[in-house]
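Chemist: Predicted coordinates and the sequence they were generated for:
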Number of protein chains: 2
Amino acid sequence: MSDTIGFLLNDTARLFRRAFNARTRDSGITALQWRLLIYLRRHEGIRQGPLAELIEVEPITLSRMIDRLEEAGLVERRADPSDRRAWLLYLAPGADELLTAMRATTDALNAEATEGLSAAERDQLAALVERVRANLSRRECLKEEEAA
Amino acid sequence: MSDTIGFLLNDTARLFRRAFNARTRDSGITALQWRLLIYLRRHEGIRQGPLAELIEVEPITLSRMIDRLEEAGLVERRADPSDRRAWLLYLAPGADELLTAMRATTDALNAEATEGLSAAERDQLAALVERVRANLSRRECLKEEEAA
DNA sequence: GCGATATAATAGCAATTGCTACTAACTGCA
DNA sequence: TGCAGTTAGTAGCAATTGCTATTATATCGC
């Protein structure tokens, strides 16, 4: 059936992305780029490879995303002193401002999405989804171990 | 913050798609194509435009997806007797078999994803996500009315 | 130290998607 | 009937993504 939790989650996530992109079209960055910046803020100084893994795109895709974000003045590549093949990634000054400015938008979107849910229900929802994510994430790791 | 329900839902949905695509790579169809077939099964005889709206892609994108599925023997285009511009879409014989065969895979995936959740928790999760989807879906409609 | 293997990042090519513009056909109103 | 405006679907072009191969550098074993 299509009324599975997987189908439903995907459907809802799509609506989120849609709404997000519609509201941030002016800012010039997409949901995926925003995701990249959010992760980068938490892991400044990370290399391209691990960041690609975090946001789950191929390294070459991340490389080109960084090209664009660098050109837009949102990300900086700095040479890794311990490995001349690698780059270390940092948020450029513009990025913090942008993320802060977008914060209001994302907060509003999340509020709209959970309208009518009590605080307890929101917590419950987050906790349940988190458990599903953990299950899927664990499966992913198991699969990689099998492959190895 | 990134610990919002929107972020979390997207993250989880991505893991679902990833797992889905990994398991159905042999079958030759993607998660998006599967989604199309699921909707089409529920709405046989639908035109391309409305189906594009259902699965939330542009009409031209759907047109090309149908091209490929038609070539793969999974979908049929039949002329609409009441409008010579339009096509009516139907599942081809191969599609039902394929969907039935994939059923086991999607069931297993959903079971793994909700492992450790009680039946009550699963229902609760589905109900909460459904409410979020309804909120976002409603917003979408409101926006269109504003635009009109 | 030196050659073989592994790793970080990137270039070429093919596939997919969406924006815009277009054709064909339908609808409404004079 | 006949013309203006709308609608269904598709083609051209540009942007994005991923697979494969490639370059530069690092690391391991001798």
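Modeler: Alright, I've got the coordinates.
Chemist: Spell out which residues of chain A are next to DNA strand D.
Modeler: When proximity is defined by CB under 7 Å from any atom of the strand, chain A lies next to DNA strand D at A:32, A:57-58, A:60-61, A:64-65, A:68, A:83-85. Just so you know, the C-beta spots here come from the backbone N, C-alpha and C atoms, and that holds for glycine as well.
Chemist: Pretty sure residue A:27 sits in a helix.
Modeler: No - counting by DSSP: H, G, I helix; E, B strand; the rest coil, residue A:27 is not found in a helix; it is coil.
Chemist: Can you tell me how far it is from residue B:54?
Modeler: 29 Å (CB to CB, to the nearest Å).
Chemist: Who has more neighbours out of those two?
Modeler: The neighbour comparison of residue A:27 against residue B:54 (other CB atoms under 10 Å in any protein chain shown) goes to residue B:54, with 17 against 13.
Chemist: which one is the more buried one nearest to, not counting chain neighbours?
Modeler: Nearest non-adjacent residue to residue B:54, counting by CB to CB, 6 or more residues apart in numbering or on different chains: residue B:39, 5.0 Å away.
Chemist: Make sure that neighbour is actually in contact with residue B:51.
Modeler: Yes - between residue B:39 and residue B:51 there is a contact at 6.5 Å, judged by CB atoms under 8 Å.
Chemist: When the two are compared, which one has more neighbours?
Modeler: Applying other CB under 10 Å to residue B:39 and residue B:51 shows that residue B:51 carries more neighbours, namely 19 against 16.
Chemist: What pLDDT does the model give that one?
Modeler: pLDDT for residue B:51: 96.
Chemist: Can you give the contact residues for the helix or strand hosting it?
Modeler: When elements are defined using DSSP states H and E, residue B:51 is found to belong to helix B:48-55. Residues outside helix B:48-55 that contact it (CB atoms under 8 Å, 6 or more residues apart in numbering or on different chains) are B:32, B:35-36, B:39-40, B:43, B:46, B:58-59, B:61-63, B:66, B:86-87, B:89.
Chemist: List buried residues within those.
Modeler: Using 16 or more other CB atoms under 10 Å in any protein chain shown as the burial test, the contacts of helix B:48-55 include B:32, B:35-36, B:39-40, B:46, B:62, B:66, B:87, B:89 as buried.
Chemist: Of the residues you listed, which is the nearest to residue A:132?
Modeler: Looking at those and their distance to residue A:132, the nearest is residue B:35, at 18.9 Å (CB to CB).
Chemist: What pLDDT is listed against the nearest residue to the closest one once chain neighbours are set aside?
Modeler: Nearest non-adjacent residue to residue B:35, counting by CB to CB, 6+ apart: residue B:55, 5.6 Å away. pLDDT for residue B:55: 88.
Chemist: what about residue B:55, neighbour count?
Modeler: Residues near residue B:55, counting by other CB under 10 Å: 19.
Chemist: I'd like the distance between it and residue B:31.
Modeler: 11 Å.
Chemist: which residues of chain A fall in helices?
Modeler: Shown for chain A, the helices assigned by DSSP state H span residues A:5-23, A:31-42, A:48-55, A:59-71, A:93-113, A:119-147.
Chemist: any idea how far the nearest residue in space to residue A:106 that is not next to it in sequence is from residue A:129?
Modeler: Taking CB to CB, 6+ apart, and ignoring the residues beside it in sequence, residue A:106 has residue B:4 as its nearest neighbour in space, at 6.4 Å. Taking CB to CB as the measure, residue B:4 falls 11 Å from residue A:129.
Chemist: follow-up on the earlier one: is any residue of the helix holding residue B:51 near DNA strand C?
Modeler: No - using CB under 7 Å from any atom of the strand, helix B:48-55 never reaches DNA strand C; the gap is at least 8.2 Å.
Chemist: and that helix, C-alpha only, in CSV?
Modeler: Coordinates of each C-alpha in helix B:48-55 appear next as CSV, following Å, rounded to 0.1, in the frame of the first residue of the first chain:
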residue,chain,number,x,y,z
GLN,B,48,-0.9,13.9,-17.5
GLY,B,49,-1.5,17.4,-16.0
PRO,B,50,-3.5,16.3,-12.9
LEU,B,51,-1.1,13.4,-12.3
ALA,B,52,1.9,15.8,-12.5
GLU,B,53,0.1,17.9,-9.8
LEU,B,54,-0.4,14.8,-7.7
ILE,B,55,3.2,13.7,-7.7
